[in-house]
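>>> Turn this into a model:
(one chain, ligands or ions: 1)
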Amino acid sequence: MKKIAVLTSGGDSPGMNACLRAVVRTAIYHKIEVMGIRHGYDGMINDEFIVMDAKSVANIIHRGGTILKTARSKEFLTLEGRKRALANLQKHKIEGIVAIGGDGTFRGALEFSKISTIPIVGCPGTIDNDLIGTDFTIGYDTAINTVVEAVDKIRDTAESHDRLFFVEVMGRDAGLIALRGGIGVGAESIIIPETKTDIEYLIKRLENGRKNKSSKIIIVAEGDEAGGAFKIAEQVKTRLPDYDTRVTILGHIQRGGNPSAMDRVNSSRMGFAAVEALMQGKSNVMVGIIDKNIEYTPFENATKHLQELNPDLMRMVSILSL
Ligand code: F6P
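Down below sits the predicted model:
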């Protein structure tokens, strides 16, 4: 293998830069040329290829976002778009691709492999942690630390005013940010898409819960079936008007910021492993870390399911929040 390309795609996540750095430097160590593709699959279609050398990834391990920029490409969903992308890869003599992104990125890669024989290896870059084949995706640890930091601040004011706060966190399809973030802040309740939202049960818990608790924090995942924090808060307010209720949507602050130490280390390991996987002839697999070891999961398995929630964690949440 003489030349590879690397791109970041989908929603950005803290640690993507650390992963990119590892990809570029591992390739250069093995005497493989590297090109970066800007703006994800859109850049593949529009020929936004740039030469990367060891210096081009200096001083980025600690930076959030992605220096290559990213996009959710609509054009790559079309056969015409994918054919243009292939023509550009052939023009630049690319023999392997590292795609850093989430399930949309890997579904795109799978579709692309129907018209291309260029091997692709993925690194799981998403704050949602919603991929099978890795214990932690790139950016998840930083995102839950951001949630914990923000909600600690909300707890201070909630406590001063004896208020009930509904805090909405990201996670379109998965409640893992809500679950771990919620445990970390000692939330009174955590509402996630993986379990049925029982408003009656929530109201009962608020009515019967420890009365001398002055602040209450309910963490809601944005993808929850009840329609998010505002809708749930509305229903609770009607039934429990005595509560002084507020809603906070944390939003995109969860996607930014310097990656945590854990994200930097995991991202570096996965970027390093992705290049060596390409050299070993692997394709259409996602690199992950399971029980501290590097594992490879075929794209179709990585994207098909959501991670199962640990039932022990769920049980613990309801006991600790009494
Ligand atoms: O996939 C990561 C994610 O942050 C989700 O949690 C969230 O629903 C979505 O991206 C938001 O996407 P956008 O930045 O395109 O609005």
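>>> Can you list the helices and strands that the lengthiest helix in the chain packs against?
For the chain, the longest helix by residue count, based on DSSP state H, is helix 140-161. The helices and strands touching helix 140-161, judged by 3 or more C-beta pairs under 8 Å, 6 or more residues apart in numbering; DSSP states H and E, are strand 163-169, helix 176-185, strand 216-221, strand 244-249, helix 261-279. From N, CA and C alone the C-beta is placed, and that goes for glycine too.
>>> who in the protein is up against the ligand?
Residues of the chain found near the ligand (C-beta under 6 Å from any ligand atom) are Gly11, Gly102, Thr126, Ile127, Asp128, Met170, Gly171, Arg172, Glu222, Arg255.
>>> In this model Ser321 seems to touch Gly186, though I could be wrong.
Yes - counting by C-beta atoms under 8 Å, Ser321 is a contact partner of Gly186 at 7.1 Å.
>>> which of the two has more neighbours?
Taking other C-beta atoms under 10 Å, Gly186 and Ser321 do not tie; Ser321 has more neighbours (20 against 14).
>>> coming back round to it: so which of the residues of the chain next to the ligand sit within helices?
Among the residues of the chain next to the ligand, no member falls in helices (DSSP H).
>>> ok, which pair from these is furthest apart?
Gly102 and Glu222 (15.3 Å; C-beta to C-beta).
>>> Who has more neighbours out of the two?
Higher neighbour count among Gly102 and Glu222: Gly102, with 26 against 20, using other C-beta under 10 Å.
>>> In contact with the nearest residue to the more buried one once chain neighbours are set aside: list those residues for me.
Of all residues not flanking Gly102 in the chain, Thr126 sits nearest, at 3.5 Å (C-beta to C-beta, 6 or more residues apart in numbering). By C-beta atoms under 8 Å, 6 or more residues apart in numbering, Thr126 lies in contact with Gly10, Gly11, Ser13, Gly101, Gly102, Asp103, Thr137, Ile138, Gly139, Tyr140.
>>> PyMOL command to pick out the buried ones of those?
In PyMOL, a selection of the buried entries from these looks like this (16 or more other C-beta atoms under 10 Å):
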select buried, resi 10+11+13+101+102+103+137+138+139+140
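>>> Please identify which of the contacts of Thr126 is nearest to the ligand.
Gly11 (3.5 Å; C-beta to the nearest ligand atom).
>>> isn't that closest one right next to Ile127, touching?
Yes - look at Gly11 against Ile127 with C-beta under 8 Å: they come within range, at 7.1 Å.
>>> Tell me the spatial nearest neighbour of Gln235, not counting adjacent residues.
Ile199 (5.4 Å).
>>> Give me the neighbour count for that neighbour.
14.
>>> before we move on, what about Gly81?
Using other C-beta under 10 Å, Gly81 has 20 neighbouring residues.
>>> tell me the secondary structure for it?
Following DSSP: H, G, I helix; E, B strand; the rest coil, we place Gly81 in the helix state.
>>> Would you mind measuring from it to the ligand?
19 Å (C-beta to the nearest ligand atom, to the nearest Å).
>>> For Asn310, see how far away that residue is.
Using C-beta to C-beta, to the nearest Å, one obtains 39 Å as the distance from Gly81 to Asn310.
>>> Residues contacting stretch 90-99, please?
1-7, 9, 23, 35, 47, 49, 89, 105-106, 108-109, 118-123, 271, 274-275, 278.
>>> That should have said stretch 230-248, apologies.
Counting by C-beta under 8 Å, 6+ apart, 150, 154, 158, 161-168, 191, 197, 199, 202-203, 206-207, 216, 218, 220, 224, 226, 229, 249 sit against stretch 230-248.
>>> Go ahead and build a ChimeraX selection from the buried members of these.
Here is the ChimeraX command that selects the buried residues among these (16+ other C-beta under 10 Å):
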select :150,154,158,163,164,165,166,167,168,191,197,202,206,216,218,220,224,226,229
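>>> Skipping its backbone neighbours, what lies nearest Gly133 in space?
In space, Gly133 is closest to Thr297, 2.9 Å off (C-beta to C-beta, 6+ apart).
>>> Good, we can wrap up now.
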